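> Okay, here's the prediction I keep looking at, along with the sequence it came from:
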Amino acid sequence: MTELAKAAASGLDTNAGLGGQQVLDRLVALLDLEKIEENIFRGVSPPHSPTRVFGGQVAGQALVAAGRTVPVERKVHSLHAYFIRAGDPKVPIVYEVDRIRDGRSFTTRRVVAVQHGKAIFALSASFQLDEDGVEHAEQMPDVPDPESLPTLAERTRDFADLLGPRVFPRPIDIRYVNDPPWATRATGQQPARNQVWMRADGSLPDTQLLHVCVLTYASDMTLLDSLLARHGVYWDVDKVLGASLDHALWFHRPFRADEWFLYDSASPTASGARGLATGRFFSRDGRHIATVVQEGLIRVL
C-alpha cells in the first residue's frame, strides 16, 4: 500500500475539522492505487461510509487502474460501467485490468473490481491519441457565476435537523444554481432538471488522468437530484432507496477539475423502479468538456 493510500485509510472516519485542500488530498490519496502484480491494483476506502463504497470512488479508482496500463500520450475519451454489488468500505478493492486491445489510434481496457472473491463493479474504457477533426458543441446554459452562489454548507445550514450528520466537508466544492431537492421537496414536484457548479476544493497536480478521474468521481454526485426533484423526495429524508446501476462518461475536451465547471443534468424518464439521468459538463469559459448518462435504482417505499 502506498503512503498516500495508508493516510487515506488511517482510521479517521470523518472529514470534520479539515480544510478543503486536506479533504481533496484524501481523495487524491484514494486514487493512488497500489500495484500488486502486472495488471492488478489495490485500492482502499475511507472508513466514513458504514454501509457501502461511494460509486464515484470505485469508478475513479477503476479508471486509474486502466490508465496505468496505457501510454500517457493516449487520453481516455469514454468509459462505460456497471455497478454490480455494493462495495464494502472495510476491506480493500482489487482491480483486475484486461488489456483488450492496443491499436494504432485507440486502446481499450476492461477492469473488474473484486471484493470477497466477487465482482462488485465492471468498467470498459477507451483511450485515443490526440487527433484533429470536425468540431461543434452546444452552448452552455446561462447561469450565475459560482462565487455569487451559497456554498453547500450555507445551503444546508437551515436544514440541519432534516439532513442530519450526512453533511460533512467534501473534496468537491458544490454550488447549487437552482434550489436543491431537499429544499423543494415540501412543495411537491419540481422540474426534472438540476444545475450545480463544481470544482475540486483545492489544487491538484498537473497529471491529466488525475483530473479526469476526479471529474469521474464528481459525476456520481447530484446526478440523480433531477430525478428526485421531479417526485419531491430526497435520500435518507423520505422513504426512498436508490443506487447507481450503470454509468457512462464521454470526455470531449481538456479541462482541469480544480477549476469551476457547470454540471447541467436532467432526467428524461423513469419507470420500472429505474430512473435515467443525463448530464453535461461545461468549463467556465463555456466549452463542453464531458457528457454523462446514468441509470439509477429508485424505490419509493
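Perfect, I can see it now.
> Now do the SS call for the residue most central in space within the chain.
With distances taken as Cα atoms, centre = their mean, Tyr217 lies nearest the centre of the chain, 2.6 Å away. Of the three states, Tyr217 takes helix according to DSSP: H, G, I helix; E, B strand; the rest coil.
> residue ranges for the helices of the stretch 151-300 of the chain, please.
152-156, 160-163, 181-184, 208-218, 225-231 (DSSP state H, counting those that start in this stretch).
> Mind pulling up the pLDDT for the closest residue to Thr69 other than its chain neighbours?
Leaving out its chain neighbours, the residue that sits closest to Thr69 by Cβ to Cβ, 6 or more residues apart in numbering is Val97, at 5.2 Å. (C-beta placed from N, C-alpha, C; glycine too.) On the pLDDT scale, Val97 is placed at 98.
> so Val97 touches Thr107, yeah?
No. Between Val97 and Thr107 there is no contact under Cβ atoms under 8 Å: 11.6 Å.
> so what are the domain limits for this structure?
Here the domain parsing of the chain from automatic domain parsing is 1-129, 149-301.
> quick one, which of the ones you listed is nearest to Gln139?
domain 149-301 (7.0 Å; Cβ to Cβ).
> Please give the centre-to-centre distance between the closest one and its chain.
For domain 149-301, the separation from the chain centroid amounts to 9 Å (computed by Cα atoms, centre = their mean, to the nearest Å).
> which SS state does the residue nearest to Thr69 fall under?
strand.
> Is it bridged to anything, and to what?
Here Val97 shows beta-bridge partners Val111, assigned using DSSP bridges.
> who are the neighbours in contact with the residue nearest to Ala290 when sequence neighbours are not counted?
Distances taken as Cβ to Cβ, 6+ apart place Phe281 nearest to Ala290, at 4.1 Å, with adjacent residues excluded. With Cβ atoms under 8 Å, 6 or more residues apart in numbering as the criterion, the residues that contact Phe281 are 215, 219, 255, 261-264, 288-292.
> and Phe281, bridged to which residues?
With DSSP bridges as the rule, Phe281 is bridged to Tyr263, Ala290.
> returning to that earlier point: with respect to Leu152, which of the contacts of Phe281 is nearest?
Using Cβ to Cβ, those come closest to Leu152 at Tyr263, 13.3 Å.
> For Gly202, see how far away that closest one is.
Per Cβ to Cβ, to the nearest Å, Tyr263 is found 18 Å from Gly202.
> quick one: which of these two has more around it?
Tyr263 (25 against 17; other Cβ atoms under 10 Å).
> these two touch, right, that one and Asn178?
No. Checked against Cβ under 8 Å, the pair Tyr263 and Asn178 is beyond contact range at 11.6 Å.
> quick one, what contacts Leu215?
Here Leu215 is in contact with 251, 255, 257, 261, 281, 290 (Cβ under 8 Å, 6+ apart).
> Revised request: answer the last question for Arg74.
106-107, 127-129.
> one more time with 6 Å, if that's ok
107, 127, 129 (Cβ atoms under 6 Å, 6 or more residues apart in numbering).
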